[in-house]
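Peer 1: No sequence on hand, only this structure:
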C-alpha cells in the first residue's frame with residue numbers, strides 16, 4: 001500500500017492513517033524495513049511491550065528490552081536469536097530508581113533510532129515515594145522516562161532522525177499535573193488521580209521534547225494504546241475489575257468488546273516508532289492509530305487528548321521541575 005500517499009496532514013488538520021483501531025502491530029510495519037535501526041522499548045518483557053518488541057524486531061530492528069528483570073525477556077531474546085535481520089537483547093532498568101537509569105544510560109553506546117517509553121504502573125493503592133521523594137506513579141511513568149530520554153539525547157541525535165514515543169493513556173483526560181502538590185504531600189492521595197496525573201505528564205514529556213530537540217533531528221509523540229488485559233492491572237482489586245466489566249462474578253477475566261488484544265494495543269506505539277507516515281511529525285498525541293482531537297478534558301471526556309496534556313506552558317514548567325530534581329542529586 002502506498003502509505004505515504006494516503007496519510008494526510010496539514011498545519012491545522014489532524015493526521016490520519018489508513019490503519020483502523022483494530023490493526024495489529026505487525027500490520028503497521030508490514031513492508032517496512034527497519035534493518036540497521038536500533039531501538040529501546042522500556043517494559044518490553046510483558047503486555048503490549050512484548051508485541052511492540054516483536055513487531056519492531058520482526059521488521060529488522062535491533063531492539064533492546066529495558067526491564068527490571070531481564071530474565072523475563074529470555075523468550076523474546078530466544079525468539080529472534082536465529083537467522084534474520086532483527087534481534088532482541090535485554091538490559092536491566094528500574095525507572096523508579098534514577099541510579100538504575102544512570103547505569104542503563106552509561107551502558108548504551110552508539111546511535112539510537114527510537115526510544116519507546118512503554119513501561120508503567122497504574123493505580124497503586126497507597127502513596128509510595130521513591131528515593132527522590134517522588135510519588136511512585138509519577139516517578140515511574142514520567143520522571144524515570146524523562147531522565148532516560150535526557151541521558152540518551154546524544155545517542156538519539158547521532159541517529160540523524162530519531163523518534164521518542166511515549167505511552168500515555170486515556171486517563172490523562174481526568175487530571176493534569178498539580179504543580180502545587182504533585183507528590184500528594186498535602187492533598188489526599190488517590191490512586192486514580194495519581195495515575196491520571198502521571199499520564200498527563202507523559203503526554204507533556206513528548207510536547208517538551210518536541211519543543212527542545214527538533215534541531216537534533218529528534219521527534220516525539222505520545223499515545224493511548226487503548227484498554228488491554230495486561231499486568232498493568234495487577235494493582236486493581238476484583239471489585240474494580242468487575243466495575244470495568246473485565247471480570248465476572250466467579251473471578252474470571254472477561255474481555256468487553258472495546259478491549260484490544262496486546263498486538264492491537266501495541267499498534268499505535270509501533271506506528272509512531274517505525275512507520276514512514278510519521279516521518280517529521282512531532283509534539284502530537286495519537287489513539288487508535290490516528291492523531292487524537294484536543295478536547296477540554298474532565299470526568300465526562302471519553303476520547304481525545306486533554307488541553308492540559310498538550311499545553312506548552314505546562315510542558316515547560318514540568319520540564320524545569322524534573323530538571324531541578326536531577327540537578328539536586
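Peer 2: Structure's in. What do you need? Since this is a predicted model, take the numbers as computed values, not measurements.
Peer 1: pLDDT weak spots in the chain?
Peer 2: Scanning the chain for pLDDT under 70 picks out the ranges 1-12, 229-258.
Peer 1: all helices for it, in order.
Peer 2: In the chain, the helices defined using DSSP state H lie at 3-6, 25-28, 47-58, 74-79, 98-106, 136-138, 144-151, 153-158, 191-212, 238-243, 262-265, 267-274, 312-327.
Peer 1: And those: which comes nearest residue 283?
Peer 2: Within those, the stretch nearest residue 283 is helix 191-212; the backing value is 3.2 Å (C-beta to C-beta). All C-beta spots, glycine's among them, are computed from the backbone N, C-alpha and C.
Peer 1: Please point out which parts of that closest one sit buried.
Peer 2: For helix 191-212, the neighbour count (16 or more other C-beta atoms under 10 Å) marks 191, 193-210, 212 as buried.
Peer 1: just checking, what packs against that helix?
Peer 2: Using 3 or more C-beta pairs under 8 Å, 6 or more residues apart in numbering; DSSP states H and E, the elements in contact with helix 191-212 are helix 136-138, helix 144-151, strand 162-167, strand 218-224, strand 284-287, helix 312-327.
Peer 1: In TSV: these, plus mean neighbour count and distance to residue 298.
Peer 2: As requested, these are exported to TSV (neighbours: other C-beta atoms under 10 Å; distance: least, C-beta to C-beta, whole Å):
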stretch	mean neighbour count	distance to residue 298
helix 136-138	23	20
helix 144-151	24	26
strand 162-167	27	22
strand 218-224	27	16
strand 284-287	24	17
helix 312-327	15	16
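Peer 1: so which of these gets nearest residue 16?
Peer 2: Relative to residue 16, the nearest member of the helices and strands packed on helix 191-212 by C-beta to C-beta is strand 284-287, separated by 10.4 Å.
Peer 1: rewinding a little: quick one, which of the helices and strands packed on helix 191-212 is nearest to residue 17?
Peer 2: Of all these, it is strand 284-287 that lies closest to residue 17, at 8.9 Å by C-beta to C-beta.
Peer 1: Tell me the strands beside the closest one, with direction?
Peer 2: Using DSSP bridges, strand 284-287 pairs in its sheet with strand 218-224 (parallel), strand 290-291 (antiparallel).
Peer 1: So for residue 272, which of these sits nearest?
Peer 2: Closest to residue 272 of the strands paired with strand 284-287 is strand 218-224 (C-beta to C-beta; 4.9 Å).
Peer 1: Could you list the residues in contact with the closest one?
Peer 2: 153, 156-157, 161-170, 172, 202-203, 205-210, 213, 268-269, 272, 278, 280-287, 292, 305, 309 (C-beta atoms under 8 Å, 6 or more residues apart in numbering).
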